[in-house]
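Student: The amino acid sequence is not available; the structure is as follows:
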């Protein structure tokens, strides 16, 4: 039995309070104990993410969410599995497909949605939007909008954690599309280099959803074995079926502990698929066929898990319905909260530009 | 007070701060074993070890980005750009991340980061290795941009920069590492956003920063000697934050101003100086504000062409005479 | 004769310092021998002889800074002679420039090609010390630097009479300072007014520079005569120009049937005859204008530097034409005064105005002005607001005209036009219209003036 987040009656996720020592102990044996109750909890989280993302797409269509909107639909098992191995003090960094991370790390979904709505109650006070969610108290060091450029930051965070001898690690998420750019290559090189001295406890999690926007992996690189690219930098790696939560959990706990113990980086390529468009405004999807999307939907991570849970008699079809309805209700409260919140006060325009001074130092 | 070179003053600041604060680390290309191409960090790896004096591969974007991450996690990295010319490769890390992450995280993180290195022209390094990037970086809110010229200031401002909770672009006067000046042994900081009146005068204000301050000082001597003109020289020291007050007060006294910069004229710091003066001291002006700048060309290699591309004494003196409505020889 | 030159030992090295000669003049040296210790700003190192022979001469001494590439010594091979040198090179290096790398600046002085010098060349012909005479205003505008304009304002200087020594005759600070120091600085004509600085309106007028607009030269044709405008004409001209340029005027005209007022006036004048008092139509109009203001305070107002000052009391200024111009003496608290009082005061003020006997407080501080040109047979006119007041009422003459009466029958009536000019910054058209219709109602029911 693993320690697990407390859930409130309405299904929203509360902050995890207890360190998961049991998990650590067990995973060190390479035997990830995933009992059915825990799987059910994770299933609920995945449904929460799915329903949340559906609500964001509605909000976008209604014009309540502006800017860019990138949803995680179809990839839920990856973040859910790896964040299950998160321990308090660890850090998480990712690019702009970042909504599930604060939700999984225990941030209030209301604040996340309010951020997307551009409200003062938002998780970064309405200053970042969809691409720049942060919850530093819970270890979430942000979503970033420039493909690949958060990777050096993550590697640097890894160095700092090792330097301070905290025993904490960073989970660094990146997409397949980020692996062809300079920042990845430079940062992966640094990670491998620093890792030789145990100075880079960084777990690279490649969310290979097979498309960088509309360009497939095969159209982006001749070397489509993405995990193997880490060989060039002396970083150990493996692959996992990113649609199978149980498989992800096994790798996540094992890899996390290895990084924690060695201070060396490790890379996992999770093969997954974004069943939603790249961005909410990406309607036509000329780069892939409906058949292909349909095929992947049959391997939908939530569907797969549901099937297993029903087969194992953990839940029934009715339960599935009930869970989804419950989440819908939760998210509808979340959406109302975001909708009804006030806009940020205009004074906020000039705050947070510089640390250590409340007032902006620029032109009056 | 002991005399030290600009280089040693800089090194002393970093060493003292590293002794005081374990979260301070140095990073950059060949700063450790090699000692730094300008020898600014020479010997520090022997004192602090390779975990605190980190030799990086030649990958400006990667290691600068990593330094941003370190700063967000509580370290105080001081990154050396071997020269600022290479910082274009790291511009995304600096501008898109170091400058902005505090804002777009709603104030959840700080980036106590210093990026330092030689700025401006040197000797015959030609087009790709000769830039003055102060206007480039000062254009971005979220960054602080410092350009000290005296050994005293470089130490005090480096200590201040390392202690500052923000990303500081620390532009060293590349040509002046060997110049000497009085530098106290103790720790002290020189505040940002306060210009220095390098020389008092009544007839014309020469505004500059970096090594052009020394040029202005020489011109001021020359003007006094040859024309009995009393020039006030202002060393901005810090470009963001920017001390408008000192300039305005000076122009209210002298009624004339010349802004001198090594960088290109268009969209430069001198233009900002001129705009501030016309805005805030208009009724005190006796002549349009003149700008003296580098030639609008990529830096040439041949020494005579290179010298012609940088501001020189005559150009500054002539500009001063022009705003004084004197005959220009 | 091989020279030993200062070697370049780093990419930014421009010169080096001779720390120490390791050999003496006259010594035999072989290729590869260390001959001197050199220091740059980054390092110190030994330099080696590249030739063998006798070290015939040191060109630079210990402690000297020598530019890269310049000779520091000669090595004399067999049969070679040492060239004549004046030795100055060896002495010259004592003064180290504080910024060694820039030592070459002087060389570049003759060959720069950047903006400043180009501009200098452009401006040079004008920038010469020669004053350019009337060039300062050749296009009809005084060219003067901002500080000069400021000094002119503060010292009441007439810039049109100062010659500028700057480019295109720009008047620059030194020109003004010279004029002030010479004691011959030309004052603006408003200068005389400064003697009474407590008089805000006049001071304001005095501070107005007389800006020569684009005016033609006098024709001096036969039958013309050139007249200097009087001081009063200048002041009025400036104030009216100021008012017309800066106050957004709006206008509202009403036509008033004056028969009732004329009848009442006749009746009252018969009774007042013994007292030697004769009410004028204007007395009625002034009283009506004052009384009607009660409900329109924003037409009884002053436009001040800090905002609009509304006045309870109506201090009504009446325009009095003089030979030399006009003046507007004030009937204080006009609304609460009776017609007889108004009549007496207005006659007294008008007379003394013509005699030039008014005290400043008698023509200052009005809150609204009434200007009557009815006596000249004017049928309609509009007036310029008398700043800082909010409004002025222009009173035209009474004309007998056919009108339709209540039954639609044609009937003769005595009609008079009143035109309000209002300051749109203070009041708007609706206020003006309602106020004028109230004045009209009162004058058409003049018994209202008696209550």
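Tutor: Done, it's in. Everything numeric here is computed off the predicted structure, so don't read it as measured data. Residues are numbered from 1 along each chain as shown, chains lettered A, B, ... in the order given.
Student: three-state assignment of the nearest residue to residue C:328 once chain neighbours are set aside?
Tutor: Nearest residue to residue C:328, sequence neighbours excluded (CB to CB, 6 or more residues apart in numbering or on different chains): residue C:317, at 4.0 Å. To be clear about C-beta, it is placed using only N, CA and C from the backbone, and glycine gets the same treatment. The three-state label given to residue C:317 by DSSP: H, G, I helix; E, B strand; the rest coil is strand.
Student: Tell me the bridge partners for residue C:317.
Tutor: Counting by DSSP bridges, residue C:317 is bridged to residue C:330, residue C:369.
Student: who touches it in this structure?
Tutor: By CB atoms under 8 Å, 6 or more residues apart in numbering or on different chains, the contact list for residue C:317 reads C:328, C:329, C:330, C:331, C:363, C:366, C:367, C:368, C:369, C:370, C:386, C:389.
Student: Per-residue pLDDT of it, please?
Tutor: According to the prediction, residue C:317 has pLDDT 94.
Student: And the buried ones among the contacts of residue C:317, selectable in ChimeraX?
Tutor: Applying 16 or more other CB atoms under 10 Å in any protein chain shown to the contacts of residue C:317 leaves a buried subset, and the ChimeraX line that selects it is:
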select /C:328,329,330,331,363,366,367,368,369,370,386,389
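Student: Of the contacts of residue C:317, which is the nearest to chain A?
Tutor: Of all the contacts of residue C:317, chain A sits closest to residue C:389, with 36.7 Å by CB to the nearest CB.
Student: show me what contacts the closest one?
Tutor: Contacts for residue C:389 (CB under 8 Å, 6+ apart) come out as C:301, C:302, C:303, C:317, C:366, C:367, C:368, C:369, C:423.
Student: Let's see that with 10 Å instead.
Tutor: Applying CB atoms under 10 Å, 6 or more residues apart in numbering or on different chains, we find residue C:389 in contact with C:243, C:247, C:299-303, C:311, C:315, C:317, C:328, C:365-369, C:421, C:423, C:426.
Student: Pretty sure residue B:57 sits in a strand.
Tutor: No. Looking at residue B:57 with three-state DSSP, it is coil, so not inside a strand.
Student: Return the distance of it relative to residue A:49.
Tutor: 38 Å (CB to CB, to the nearest Å).
Student: re earlier: distance of the residue nearest to residue C:328 relative to residue A:85?
Tutor: Going from residue C:317 to residue A:85 by CB to CB gives 89 Å.
Student: can you check residue C:258 too?
Tutor: From residue C:258 across to residue A:85, the span is 100 Å (CB to CB).
Student: the more surrounded of these two?
Tutor: The neighbour comparison of residue C:258 against residue A:85 (other CB atoms under 10 Å in any protein chain shown) goes to residue A:85, with 26 against 22.
Student: wait, that one sits on residue A:248?
Tutor: Yes. With contacts counted by CB atoms under 10 Å, residue A:85 reaches residue A:248, the gap being 9.5 Å.
Student: and the nearest residue to residue A:247 once chain neighbours are set aside, what does it touch?
Tutor: Spatial nearest neighbour of residue A:247, excluding adjacent residues (CB to CB, 6+ apart): residue A:241 at 4.9 Å. Going by CB under 10 Å, 6+ apart, residue A:241 touches A:77, A:247, A:248, A:251, A:270, A:271, A:272, A:299, A:301, A:304.
Student: Any chance of CSV for those, columns secondary structure?
Tutor: Shown next, in CSV, are the contacts of residue A:241 (three-state DSSP):
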residue, secondary structure
A:77, helix
A:247, helix
A:248, helix
A:251, helix
A:270, strand
A:271, strand
A:272, coil
A:299, coil
A:301, helix
A:304, helix
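Student: near chain C, which residues of the stretch 51-200 of chain B?
Tutor: B:118, B:121-125, B:129, B:149, B:173-181 (CB under 10 Å from any CB of the partner chain).
Student: Could you report the neighbour count for the residue of the stretch 201-329 of chain B found nearest chain A?
Tutor: Per CB to the nearest CB, residue B:241 is where the stretch 201-329 of chain B lies closest to chain A, at 4.6 Å. Residue B:241 has 18 neighbours, counted by other CB under 10 Å.
Student: Can you give me the pLDDT of it?
Tutor: Looking at residue B:241, the pLDDT reads 95.
Student: May I ask you to confirm that it is in contact with residue B:194?
Tutor: Yes. In terms of CB under 10 Å, residue B:241 counts as a neighbour of residue B:194; the distance is 8.7 Å.
Student: so how far is residue B:167 from the residue nearest to residue B:97 when sequence neighbours are not counted?
Tutor: Setting aside the residues directly before and after it, residue B:97 is nearest to residue B:68 in space (CB to CB, 6+ apart), at 4.9 Å. From residue B:68 across to residue B:167, the span is 8 Å (CB to CB).
Student: Helices along the chain, start to end?
Tutor: Because you didn't say which chain, this covers chain A. Shown for chain A, the helices assigned by DSSP state H span residues A:21-28, A:36-61, A:76-84, A:100-105, A:109-116, A:150-163, A:182-195, A:217-220, A:245-262, A:290-297, A:301-311, A:317-340.
Student: My question was about chain C, not that one.
Tutor: Using DSSP H, the helices of chain C run over residues C:88-92, C:105-108, C:115-127, C:146-155, C:173-182, C:200-207, C:231-246, C:259-272, C:281-292, C:339-355, C:360-363, C:429-444.
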